[in-house]
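1. return a 3D structure for these sequence lines:
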Amino acid sequence: MASIVCFGEMLIDFVPDTAGVSLAESQGFLKAPGGAPANVACAITKLGGSSAFIGKVGKDEFGYMLADILKKNGVNADGVLFDEHARTALAFVTLKKNGEREFMFYRNPSADMLLKESELNMDLIKNAKIFHYGSISLITEPCRSAHMAAMKTAKQAGVLLSYDPNVRLPLWPSPEAARHGIMSIWNEADFIKVSDDEVAFLTQKDADSEEAVKSLWRDHFKLMVVTDGEKGCRYYTKAKILIIATIFIKIPEKTNQIFSSIIVIATTTGEEKTLSSSPIPDLQTRYSDLKTRSSDLKIIISLSLSSLKKKTY
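-> Have a look, this model is predicted:
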């Protein structure tokens with residue numbers, strides 16, 4: 001059984017074939033697999049861990065492609081379902097020259113939104129060490145109920161819960177609904193990974209303020225990491241707070257999902273790993289060859305931080 005089970009959305013990203021342009025300005029788009037939980041699952045296997053993915057895609061060519069990519073990356077796909085009545089989700093995304101991200105989603109509804117509690121592979125969840133998820137699966141029913149049931153099952157089985165909210169405001173009815181929905185399950189997690197932008201959004205305070213960050217801390221948390229873009233990150237445990245500066249290395253743009261996978265795998269293995277390639281095969285940017293020991297969380301985190309502002313879905 002997989003040590004880490006990732007739950008949520010898996011979709012197709014379409015990114016402009018020219019960097020820095022808006023979606024309207026782009027003359028063409030490149031297809032790439034996406035979805036934060038699926039990215040994490042693939043990154044975990046690249047780091048030498050064992051992972052599984054639970055989610056739903058359309059019974060279409062894109063859905064088959066995504067399931068095949070999971071398998072090629074060594075991810076257990078027993079929890080992947082195919083919906084006959086809804087398509088695989090699509091997202092058009094770009095990072096403009098001014099640093100602003102632009103999204104356009106096609107999911108009205110998409111297959112991932114239609115996952116039901118009765119369709120969950122509970123054995124995968126019960127036998128995991130860590131259950132990892134985001135917040136997009138909380139937006140609509142029936143997926144929200146499936147998400148809540150999966151968390152409950154994991155908790156009752158003694159599985160640790162890992163939460164990366166991965167805020168995507170265009171998908172929520174309103175910013176207020178997003179804030180409420182994301183925080184509705186905050187207290188259930190054992191591990192939290194949140195960006196500085198998300199701290200500001202969730203607390204409505206300055207993300208550099210320790211008061212803002214500490215308002216998100218809960219006494220039962222084992223670890224909370226705040227990523228600060230090019231500045232590095234802050235990580236919090238019961239015992240200490242540590243600020244880690246960035247080590248500038250060449251890393252893929254989907255750093256937030258890779259970062260999440262590094263955090264969760266650090267809790268399950270102490271073996272030496274080499275970070276050598278991006279988690280999804282379509283991403284051509286490669287890591288510098290770096291060796292690290294995954295039992296040393298401080299070093300692992302520091303190797304993951306140089307491009308966190310360049311976020312894609």
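2. so who does residue 97 touch?
-> For residue 97, the contacting residues are 20, 21, by C-beta atoms under 8 Å, 6 or more residues apart in numbering. Yep, even glycine has a C-beta here, placed from its N, CA and C like the rest.
3. swap in the one 5 residues further on?
-> The contact partners of residue 102, taken as C-beta under 8 Å, 6+ apart, are 22, 23, 93, 94, 95, 96.
4. skipping its backbone neighbours, what lies nearest residue 215 in space?
-> Among residues not flanking residue 215 along the chain, residue 203 sits closest, at 5.6 Å (C-beta to C-beta, 6 or more residues apart in numbering).
5. you'd agree the one you found is up against residue 217?
-> No. If you go by C-beta atoms under 8 Å, residue 203 and residue 217 don't touch, sitting 11.3 Å apart.
6. of these two, who's got more company?
-> Taking other C-beta atoms under 10 Å, residue 203 and residue 217 do not tie; residue 203 has more neighbours (18 against 14).
7. quick one: the residue nearest to residue 215 and residue 135, what's the gap?
-> Separation of residue 203 from residue 135 (C-beta to C-beta, to the nearest Å): 16 Å.
8. re earlier: present the contacts of residue 102 as CSV; the columns should include pLDDT.
-> As requested, the contacts of residue 102 are exported to CSV (pLDDT from 0 to 100):
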residue, pLDDT
22, 93
23, 95
93, 93
94, 93
95, 87
96, 87
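9. list buried residues within those residues.
-> 23, 93, 94, 95 (16 or more other C-beta atoms under 10 Å).
10. in a strand, the third one, correct?
-> Right, residue 94. Yes. Counting by DSSP: H, G, I helix; E, B strand; the rest coil, one finds residue 94 located in a strand.
11. what separates it from residue 182, distance-wise?
-> 24 Å.
12. got it, and residue 97?
-> 30 Å.
13. contact partners for residue 8?
-> Taking C-beta under 8 Å, 6+ apart, one finds 35, 36, 37, 38, 55, 112, 133, 134, 136, 137, 147 in contact with residue 8.
14. quick one: list the elements packing against the longest helix along the chain.
-> The longest helix of the chain (DSSP state H) is helix 143-156. Applying 3 or more C-beta pairs under 8 Å, 6 or more residues apart in numbering; DSSP states H and E, we find helix 143-156 packed against strand 4-7, helix 122-126, strand 130-133, strand 160-163.
15. identify the residues contacting that helix?
-> Contact with helix 143-156 is made by 5, 7-8, 54, 112-117, 119-120, 122, 125-126, 128, 131, 133, 137-138, 161, 185, 188, as judged by C-beta under 8 Å, 6+ apart.
16. pLDDT of it, averaged?
-> Average pLDDT, helix 143-156: 98.
17. cool, stretch 210-221 as well?
-> Here the average pLDDT along stretch 210-221 is 94.
18. in that stretch, what's buried?
-> Neighbour-count burial for stretch 210-221 [16+ other C-beta under 10 Å]: 212, 213, 216, 221.
19. same check on stretch 76-94?
-> Those buried within stretch 76-94 under the rule 16+ other C-beta under 10 Å are 76-77, 79-81, 83, 86-94.
20. what about that stretch, how long is it end to end?
-> Stretch 76-94 has an end-to-end distance of 30 Å (C-alpha to C-alpha, to the nearest Å).
21. quick revisit: tell me the buried residues within the contacts of helix 143-156.
-> For the contacts of helix 143-156, buried by 16+ other C-beta under 10 Å: 5, 7-8, 54, 112-115, 117, 120, 125-126, 128, 131, 133, 137-138, 161, 185, 188.
22. quickly note the distance from the nearest residue to residue 17 once chain neighbours are set aside to residue 132.
-> Leaving aside its sequence neighbours, residue 17 sits nearest to residue 28 (C-beta to C-beta, 6+ apart; 4.4 Å). Distance, residue 28 to residue 132, using C-beta to C-beta: 34 Å.
23. what's the answer for residue 64, then?
-> In terms of C-beta to C-beta, residue 64 sits 24 Å off from residue 132.
24. of residue 28 and residue 132, who's got more company?
-> Legend: neighbour count by other C-beta under 10 Å for residue 28 and residue 132, higher for residue 132 (30 against 8).
25. what about the nearest residue to that one once chain neighbours are set aside, distance to residue 16?
-> Spatial nearest neighbour of residue 132, excluding adjacent residues (C-beta to C-beta, 6+ apart): residue 162 at 4.1 Å. Going from residue 162 to residue 16 by C-beta to C-beta gives 32 Å.
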